[in-house]
Structures are given as structure tokens and as C-alpha cells.
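> 3D model of this:
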Amino acid sequence: GFMTRYERKLFDDLKSPHLKYWVPFVWFGNLASKARKEGRIRDSVDLQMLMNEMNKYRSWCSLLFGYDWVGIPLVYTQVVTLAVYTFFFACLIGRQFLDTDQGYQGHDLDIYIPIFTLLQFFFYAGWLKV
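Numbering: from 1, shown residues only. So this is what the prediction gives:
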């Protein structure tokens, strides 16, 4: 609904090895210049502001395209995986309950399965896999 059939055909016929997000921006620039010549845009300052905003939006799209183009290096995923598993191992050791045979005050209950630590690990490991 944003393009006419003719524009869609032109867009599809354009051969480019990369994304074609920039084509509508070129069309917009040409139409804005034509509108200025025809008097639909009365002032060059208005045209300049319009083109500046369009160029700002185009640069944001370009930045987003750059993020998509460059993948995350494998070492980052390895570091995060190592950090998650190291954190889980440290939690298993660090969150142990006290020995009830020693008679520590207020530590009568001893749970053998660290339920919340396991839940935390499942959330982190699931997040890591996503």
C-alpha cells in the first residue's frame, strides 16, 4: 500500500547484491526537488529541513544495516557461555546451606536441591541460547 504497482515493479527490477532500503529515499529526494521547482514547497529552507530529516532517517537505516551486516564474533558467544556456566558453578558452591549438625542458630532447615539457583540457571541458559 506504500508503493504503486509501477514503483513496485521498478523496485523489484533493480538488481543489487545488498538491501535496497535506500531506493525510496532517492525517490523521495527527487520528488521533493521536483515539488520545490513546481512551487509546492514554497521555501528552500523548508526543502532543506525536509531533506535533513530524510537524510537523518536514512543514516539510521544505514547504521541498522551495518549492524545486520557485521555478525557478532564467535569469541563473544564463547565468553558469555563461559561466564554463564562459571556463574552457575560459583552459585552452586557459594549458596550452600550450613551444616545443621554444627548447631548454627537459626539454620535448622536444610534444603538439598537449590531450587532458585536452578531456576536462575535455566533462565540464564535459555537466554544464552536465544
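> what number of residues lie near residue 66?
When neighbours are defined as other CB atoms under 10 Å, residue 66 has 9 of them. Glycine gets a C-beta too; all of them are placed from N, C-alpha and C.
> in the helix or strand containing it, what's buried?
For residue 66, the element it lies in under DSSP states H and E is helix 44-69. Buried residues in helix 44-69, counting neighbours by 16 or more other CB atoms under 10 Å, are found at 47, 50, 58.
> and the second one, how far is that from residue 33?
Which is residue 50. Relative to residue 33, residue 50 is positioned 10 Å away (CB to CB, to the nearest Å).
> please apply the same query to the last one.
According to CB to CB, residue 58 and residue 33 sit 15 Å apart.
> what residue spans form the domains of the protein?
3-67, 72-127 (the TED database).
> make a markdown table out of those and add mean pLDDT.
Rendered in a markdown table, the data for the domains of the chain read as follows (pLDDT from 0 to 100):
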| stretch | mean pLDDT |
| --- | --- |
| domain 3-67 | 91 |
| domain 72-127 | 78 |
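> and residue 129, how many residues sit next to it?
Under the criterion other CB under 10 Å, the count of neighbours that residue 129 has is 7.
> hang on, the earlier thing: from the contact counts, what lies against the helix holding residue 66?
With contacts defined as 3 or more CB pairs under 8 Å, 6 or more residues apart in numbering; DSSP states H and E, the secondary structure elements packing on helix 44-69 are helix 23-38.
> show me what counts as buried in the helix it packs on.
Taking 16+ other CB under 10 Å as the neighbour-count basis, helix 23-38 is seen to contain the buried residues 24, 29, 32, 36.
> what's the distance between the third one and residue 66?
Just to be clear, that refers to residue 32. From residue 32 over to residue 66 the distance is 25 Å, taken as CB to CB.
> ok, the second one next?
Counting by CB to CB, the gap between residue 29 and residue 66 amounts to 21 Å.
> same check on residue 121?
Counting by CB to CB, the gap from residue 121 to residue 66 is 35 Å.
> check residue 13 too.
Applying CB to CB, the value for residue 13 to residue 66 is 26 Å.
> for residue 84, same thing?
Residue 84 sits 28 Å away from residue 66, going by CB to CB.
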